[in-house]
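Peer 1: sequence? don't have it. structure:
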Ligand SMILES: Nc1ncnc2c1ncn2[C@@H]1O[C@H](COP(=O)(O)OS(=O)(=O)O)[C@@H](OP(=O)(O)O)[C@H]1O
Ligand SMILES: Nc1ncnc2c1ncn2[C@@H]1O[C@H](COP(=O)(O)OP(=O)(O)O)[C@@H](O)[C@H]1O
């Protein structure tokens, strides 16, 4: 099967990093695979970008262009980026074309706030972080995702099995 860019998008705490890492473990048994995680990219390649709409769009563009380079080398590319704006998703389709497979990690804000894996939502609640996606910055509900995964009542392994079956069956 031809390699693809599987792009996980969703709120902070939705499960993008968890699911992309687990999927990498599965795919890497047979294929070359790399994870491009927003948090990690923002420490290097994208470390001059913040969280305005303009910076998020540039963050997405650079990530999609990096993904395209790895696709050309035969890698499966797993991206974990909030990607909150319709415009960012349209750019992905332009840059990556038929190789782009979009997964909406669909987890309600209330569940993300409860999970709060990095303690960010409590910082948002005490006004230590501004422009936070889903709270004080927009998250456009994805209308054209290839797949939506509801994580609320499932464990990560079940979600990844569901994704794996859909992509590889
Ligand atoms: N204001 C604000 N809004 C959203 N997220 C914030 C913000 N400030 C810091 N963080 C941390 O940055 C991570 C999201 O970066 P991304 O590159 O994925 O975001 S985006 O696609 O450009 O919107 C995000 O990582 P995840 O929690 O893994 O999604 C946060 O750890
Ligand atoms: N079905 C699920 N899928 C993914 N993560 C889940 C699920 N159920 C619970 N979690 C937990 O939710 C948290 C998601 O955090 P993370 O993967 O860092 O999210 P994100 O990368 O979207 O910010 C982790 O602590 C993970 O163990």
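Peer 2: Ah, there it is. Keep in mind that this is a model prediction, so the values were computed, not measured. Ligands and ions are numbered 1, 2, ... in the order given.

Peer 1: and the residue nearest to residue 117 when sequence neighbours are not counted, helix, strand or coil?
Peer 2: In this structure, residue 117 finds its nearest non-sequential neighbour in residue 13, 5.7 Å apart by C-beta to C-beta, 6 or more residues apart in numbering. Backbone N, C-alpha and C define where each C-beta goes, glycine included. Of the three states, residue 13 takes coil under DSSP: H, G, I helix; E, B strand; the rest coil.

Peer 1: distance of the residue of the chain found nearest ligand 2 from ligand 1?
Peer 2: Nearest to ligand 2 in the chain, going by C-beta to the nearest ligand atom, is residue 15, at a distance of 2.6 Å. Going from residue 15 to ligand 1 by C-beta to the nearest ligand atom, to the nearest Å gives 9 Å.

Peer 1: ramachandran coordinates for that residue?
Peer 2: For residue 15, the backbone dihedrals (degrees, to the nearest 10) come out as phi 130, psi 10.

Peer 1: my guess is it meets residue 154, correct?
Peer 2: No. Contact criterion C-beta atoms under 8 Å: residue 15 and residue 154 do not qualify, at 9.6 Å.

Peer 1: so for the two, which sits in the more crowded spot?
Peer 2: For the pair residue 15 and residue 154, the greater number of neighbours falls to residue 15 (26 against 14), based on other C-beta atoms under 10 Å.

Peer 1: quick one, grab the pLDDT at that one.
Peer 2: Per-residue pLDDT puts residue 15 at 98.

Peer 1: name the residues of the biggest helix by length in the chain that are buried.
Peer 2: Criterion DSSP state H: the longest helix present in the chain is helix 53-72. For helix 53-72, the neighbour count (16 or more other C-beta atoms under 10 Å) marks 56, 57, 58, 59, 60, 63, 64, 66, 67, 68, 70, 71 as buried.
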